[in-house]
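A.B. asks: Give me coordinates for this.
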Amino acid sequence: MPDTHQTVLEINLGALEHNYRFLRSKIDPSTKFMGVVKASGYGSDPLVIARKLVALEVDALAVAYTSEGVHLRKGGIECPILVLHPQEINFKELISYCLEPSLYSYKILKSFHKIAREAFQEKYPVHLKFNTGLNRLGFWENDISHIKKEIEDSDFLKIKGIFSHLGASEDLSEKEFTLSQIKTFEAIVVEAERALGPIPIKHLLNTSGILNYPKAQWNMVRSGIGIYGYGNDTKYESSLRPVASLKTIISQLHRIEPGETVGYNRAFKADGYRITATLPLGHADGIGRQYGNEKASVLVKGKRAPIIGNVCMDMLMIDVTGIDCAEGDEVIIFGEGQSAEQFASFAGTISYELLTGLASRIPRLYTEY
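C.D. replies: This is a model prediction of the structure:
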């Protein structure tokens, strides 16, 4: 395990492989697996993550926007890449890099069809996204006749996939809602194939869907947060291994007398003699002000040290009174002993937001242990 000499985000590719194989074990061997590497690989590095997943023989990858897919293609990734939220302005570039768009409205379908026709494409692969209750993106079931009218007898597009997205698959108190989404998707698939012919790939399940509703796996599943080590349920903590660990060091120690204050706006006032430590990490790095004022704590020598005062742009301060530590010692923000989900919960948020909000200026260090 590497020593920490600065703020660093350690990315454990061995943990990524473990998570991938665990999630694979929950589905049929013949079911395809799509790894989601959007948002810079959930805050890590999409290209490094994608290369590892390709080495593990993932069937496809997914990104949010065309630029993310282009980055992967330029990095040598050749497997199918689904763009989940393509924008019309990027359609020509999307085609030039052989990315597969999610078409989610009649306007988007018509626009992409026009670009494919002008680019003399032949059976360009697309996925149709249907709304089954999340009410974010997607066609409605009654749009199928319009889709058929637009692409009937067209040689420019080929419907490769049809999919939807579950809105509460991690929340078993919403089981009735999730089952209604599954049932709605089943009906949409039947109607779509009746009108449009056989559609090779059907995908509905996200990470929590894989874990909680495996019978609805169809012939492909998608996993984002799961491959990074989080199952949205504490019962999976022993089965999944968090990929990312955020570590830093103590830059300086201060001995504070009773009544002295720490940081901007004097937000922390010592009620006795205290020892504080300043860390080279702040809200510009993705550790926002909501973690300050003793709402969150970090680990120093295995002991909890609360973040005190207001988090600064490039620094934050912690109370290390009673902890035997020195300048230069390692501090764990999240990682061994405290997961990103646990740290995020201090601020009333989730691991997704914390991980994807980490600044690019934090060096990434890759390991296989």
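A.B. asks: how close does the closest residue to residue 155 other than its chain neighbours get to residue 156?
C.D. replies: For residue 155, ignoring the flanking residues on the chain, the nearest one in space by Cβ to Cβ, 6 or more residues apart in numbering is residue 122 at 5.9 Å. C-beta coordinates here come from the backbone N, C-alpha and C atoms, glycine included. Here the criterion is Cβ to Cβ, to the nearest Å. By it, residue 122 lies 7 Å from residue 156.
A.B. asks: Name the residue in the two with the higher neighbour count.
C.D. replies: A count of neighbours by other Cβ atoms under 10 Å puts residue 156 above the other of residue 122 and residue 156, at 19 against 9.
A.B. asks: Next up, the contacts around that one.
C.D. replies: Residues in contact with residue 156, defined by Cβ atoms under 8 Å, 6 or more residues apart in numbering, are 113, 116, 117, 121, 122, 123, 124.
A.B. asks: ditto for residue 279
C.D. replies: Taking Cβ under 8 Å, 6+ apart, we find residue 279 in contact with 7, 248, 249, 250, 251, 298, 315, 316, 317, 318, 331.
A.B. asks: Could you check how far it is from residue 248?
C.D. replies: Taking Cβ to Cβ as the criterion, residue 279 is separated from residue 248 by 5 Å.
A.B. asks: what touches both of the two?
C.D. replies: Taking Cβ under 8 Å, 6+ apart as the contact criterion, the residues that touch both residue 279 and residue 248 are 7, 331.
A.B. asks: Pretty sure the residue nearest to residue 155 sits in a strand.
C.D. replies: No - according to DSSP: H, G, I helix; E, B strand; the rest coil, the state of residue 122 is coil, so it is not within a strand.
A.B. asks: Can you give me the separation between it and residue 335?
C.D. replies: Using Cβ to Cβ, residue 122 is found at 49 Å from residue 335.
A.B. asks: One more: residue 242?
C.D. replies: Taking Cβ to Cβ as the measure, residue 242 and residue 335 are separated by 7 Å.
A.B. asks: now swap in residue 269 and tell me
C.D. replies: The spacing between residue 269 and residue 335, counted by Cβ to Cβ, is 31 Å.
A.B. asks: again with residue 30
C.D. replies: In this structure, residue 30 and residue 335 are separated by 36 Å, where distance is defined by Cβ to Cβ.
A.B. asks: neighbour-wise, which of those two wins?
C.D. replies: Neighbours were counted for residue 30 and for residue 335 using other Cβ under 10 Å; residue 335 has more, 18 against 6.
A.B. asks: mind listing what the spatially closest residue to the more buried one that is not a sequence neighbour touches?
C.D. replies: Using Cβ to Cβ, 6+ apart and skipping the chain neighbours, the partner closest in space to residue 335 is residue 245 (2.9 Å). If a contact means Cβ under 8 Å, 6+ apart, then residue 245 has 9, 10, 12, 332, 334, 335, 336 as its contacts.
A.B. asks: Keep only those of these that are in strands.
C.D. replies: The subset of the contacts of residue 245 located in strands under the criterion DSSP state E comprises 9, 10, 12, 332, 334.
A.B. asks: Mind checking which of the contacts of residue 156 are buried?
C.D. replies: Neighbour-count burial (16 or more other Cβ atoms under 10 Å) applied to these gives 113, 116, 121, 124.
A.B. asks: Let me have these in JSON lines, extended by pLDDT and distance to residue 347.
C.D. replies: JSON lines is the format used below for the buried ones among the contacts of residue 156 (pLDDT from 0 to 100; distance: Cβ to Cβ, whole Å):
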{"residue": "113", "pLDDT": "97", "distance to residue 347": "44"}
{"residue": "116", "pLDDT": "97", "distance to residue 347": "45"}
{"residue": "121", "pLDDT": "95", "distance to residue 347": "46"}
{"residue": "124", "pLDDT": "98", "distance to residue 347": "44"}
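A.B. asks: now, among those residues, which is nearest to residue 212?
C.D. replies: Each of the buried ones among the contacts of residue 156 was scored against residue 212 by Cβ to Cβ, and residue 124 proved nearest at 34.6 Å.
A.B. asks: what's the spacing between that closest one and residue 149?
C.D. replies: Following Cβ to Cβ, the distance that separates residue 124 from residue 149 is 19 Å.
A.B. asks: The contacts of residue 245, buried ones only, as a PyMOL selection?
C.D. replies: Here is the PyMOL selection string for the buried members of these, based on 16+ other Cβ under 10 Å:
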select buried, resi 9+10+12+332+334+335
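A.B. asks: and of the contacts of residue 245, the nearest to residue 228?
C.D. replies: Once Cβ to Cβ is applied, the member of the contacts of residue 245 that ends up nearest residue 228 is residue 12, at 10.2 Å.
A.B. asks: Test my guess that the closest one contacts residue 365.
C.D. replies: No - counting by Cβ atoms under 8 Å, residue 12 stays clear of residue 365, with 9.7 Å between them.
A.B. asks: Straight-line length of stretch 75-86, end to end?
C.D. replies: Distance between the two ends of stretch 75-86: 20 Å, counting by Cα to Cα, to the nearest Å.
A.B. asks: Can you pull out the residues in contact with that stretch?
C.D. replies: Surrounding stretch 75-86, the residues in contact under the criterion Cβ under 8 Å, 6+ apart are 34, 38, 47, 50-51, 54, 58-66, 68-69, 72-73, 94, 99-102, 104, 108, 112, 125, 127, 129, 137, 161.
A.B. asks: ok, now stretch 137-150?
C.D. replies: Residues from elsewhere that reach stretch 137-150, judged by Cβ under 8 Å, 6+ apart: 85, 102, 104-106, 109-110, 113, 128-132, 164-165, 184, 187-188, 191-192, 195-196.
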